[in-house]
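Undergrad: Kindly return the folded structure for what I paste below:
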Amino acid sequence: MAAPALIRALRPKQWAKNVLVVAAPFAAGRLFEKSVLADVAIAFVSFCLAASAVYLLNDLRDADKDRLHPVKKNRPIAAGQVPPSLAIVVAVVALVLSIGLATLARPALVWVIVTYLVIQVLYVFWLKNLPVIDLAVVASGFLLRALAGGAATGITISDWFLLVAGFGSLFVVAGKRYSELVNLEAEGQTIGQTRSTLLAYTPTYLRFVWTVAAAVTVMVYGLWVITVPRASTSATLISLIPFTLGLLVYALIVDSGKGDEPETAILRNPTLLALGVLWVLSLGVTLYM
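TA: This next block holds a predicted model:
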């Protein structure tokens, strides 16, 4: 067993999602306070460890199905590059380290991590087979990451912000399922062979879900920015432009069937990255200047 295979089984590329822990402190205008930065760093690493533990458990559970998938068959556990016994040991160690590290911040972070782990374990063994519920559970993983930033730092999170995070997450997850479904159909693969809930979905339904989620996300984001303290309404509303354009660009990615790996799709799209920078700058100026 090569060490690189074990590292790939931890899915470090997926850790990019954990950057969401900075969302609440950033939106509160307190991200660059030393104590806040330290707690955010703890939340980030804790979620990286927790997520990797879940990925190992998921890949152990789905190894047989993954071997039938044109891409997932190359995952280290499915490909036989990482022994199941080693994967179990590493998963347990990562889980313990995650919770242990979270105790260095605030107790609320521990509860967020534990909630994430419980939901994800239920997903791996049961909830992933329930249509619609599986979308909500995966979306909750993104939402809990955003909550973790507030929990670790003791920052109160706006209800509008939570709605943005929740519906934005649903938009990404529905787009992920849409891309997975249309790609399997295009390749002539048997639908439901590797993910049973795909049998219950159609491209039309998933398009409806991510369209509604995107519309609600833009609406509640607009409502959130006009309630942001310490900033003028006209200044914060400017950030709505790159935010909306970013969602539209990502929707184009999803529509082309390339949204099955959100983190890769985002990082490889220069336009989306540029809009992201503009959004951070336009919002950041009003929060920190």
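Undergrad: from here on, contacts and neighbour counts on C-alpha atoms
TA: Noted.
Undergrad: Which parts of the stretch 101-250 of the chain are strands?
TA: Under the criterion DSSP state E, counting those that start in this stretch, the stretch 101-250 of the chain carries no strands.
Undergrad: which residues in it form helices?
TA: With DSSP state H, counting those that start in this stretch applied, the stretch 101-250 of the chain shows helices at 107-125, 133-153, 159-186, 203-225, 233-238, 240-255, listed in chain order.
Undergrad: okay, stretch 67-86 in CSV with CA atoms only?
TA: Below are the C-alpha coordinates for stretch 67-86, written out as CSV (Å, rounded to 0.1, in the frame of the first residue of the first chain):
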residue,chain,number,x,y,z
ARG,A,67,-16.2,-0.6,-8.8
LEU,A,68,-19.1,-0.5,-11.3
HIS,A,69,-18.7,3.3,-11.8
PRO,A,70,-16.5,4.6,-14.7
VAL,A,71,-14.8,7.1,-12.4
LYS,A,72,-15.3,6.0,-8.8
LYS,A,73,-13.8,2.6,-9.6
ASN,A,74,-10.4,4.4,-9.3
ARG,A,75,-11.0,5.4,-5.7
PRO,A,76,-8.2,3.8,-3.6
ILE,A,77,-10.4,1.5,-1.5
ALA,A,78,-12.5,0.3,-4.5
ALA,A,79,-9.3,-0.2,-6.5
GLY,A,80,-7.8,-2.3,-3.7
GLN,A,81,-4.9,0.1,-3.0
VAL,A,82,-6.0,0.8,0.6
PRO,A,83,-6.9,-2.3,2.8
PRO,A,84,-10.3,-1.9,4.5
SER,A,85,-8.7,-2.6,7.9
LEU,A,86,-6.3,0.3,7.5
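Undergrad: got the buried residues for the strand or helix carrying V280?
TA: Mapping V280 onto the secondary structure by DSSP states H and E places it in helix 270-288. Buried residues in helix 270-288, defined by neighbour count with 16 or more other Cα atoms under 10 Å: L272, L275, G276, L278, W279, V280, S282, L283, G284, T286, L287.
Undergrad: what about the helices of the stretch 101-250 of the chain, which gets the closest to R195?
TA: When those are ranked by proximity to R195, the top entry is helix 159-186, at 9.6 Å, counting by Cα to Cα.
Undergrad: nearest to Y205, of the buried residues of helix 270-288?
TA: When the buried residues of helix 270-288 are compared for distance to Y205 (Cα to Cα), L272 comes out closest, at 25.4 Å.
Undergrad: There's contact between the closest one and V249 in this structure, I believe.
TA: Yes - L272 lies in contact with V249 (Cα atoms under 8 Å); the separation is 6.5 Å.
Undergrad: where's the nearest residue to L101 once chain neighbours are set aside, which helix or strand?
TA: In space, and not counting its chain neighbours, L101 is closest to S46: 6.1 Å by Cα to Cα, 6 or more residues apart in numbering. Per DSSP H and E: S46 is located in helix 34-61.
Undergrad: The helix or strand that that helix is followed by: which residues count as buried?
TA: Using DSSP H and E, the helix or strand that follows helix 34-61 in sequence is helix 63-66. If you call a residue buried by 16+ other Cα under 10 Å, then helix 63-66 has these buried ones: A63, K65, D66.
Undergrad: Stretch 49-69 now?
TA: 49-63, 65-67, 69.
Undergrad: Let me know how buried E187 is, in neighbour terms.
TA: 9 (other Cα atoms under 10 Å).
Undergrad: related to what we said a few turns ago, show me what the helix holding S46 is packed up against.
TA: Contact here means 3 or more Cα pairs under 8 Å, 6 or more residues apart in numbering; DSSP states H and E; on that basis helix 34-61 packs against helix 3-9, helix 84-102, helix 107-125, helix 133-153.
Undergrad: returning to that earlier point: quick one: the residue nearest to L101 and L104 touch, right?
TA: No - counting by Cα under 8 Å, L104 is not a contact partner of S46; they are 10.2 Å apart.
Undergrad: of those two, who's got more company?
TA: Remark: of S46 and L104, S46 carries more neighbours, 26 against 15, as counted by other Cα under 10 Å.
Undergrad: which residues sit in contact with the more buried one?
TA: L97, S98, I99, L101, A102, I113 (Cα atoms under 8 Å, 6 or more residues apart in numbering).
Undergrad: can you check I266 too?
TA: With contact taken as Cα under 8 Å, 6+ apart, I266 is in contact with Y250, L272, L273.
Undergrad: what do you get if the cut-off is 7 Å, keeping everything else the same?
TA: When the contact criterion is Cα atoms under 7 Å, 6 or more residues apart in numbering, the partners of I266 are L272, L273.
Undergrad: For it, what is the enclosing helix or strand?
TA: With the criterion set as DSSP H and E, the secondary-structure element containing I266 is helix 262-267.
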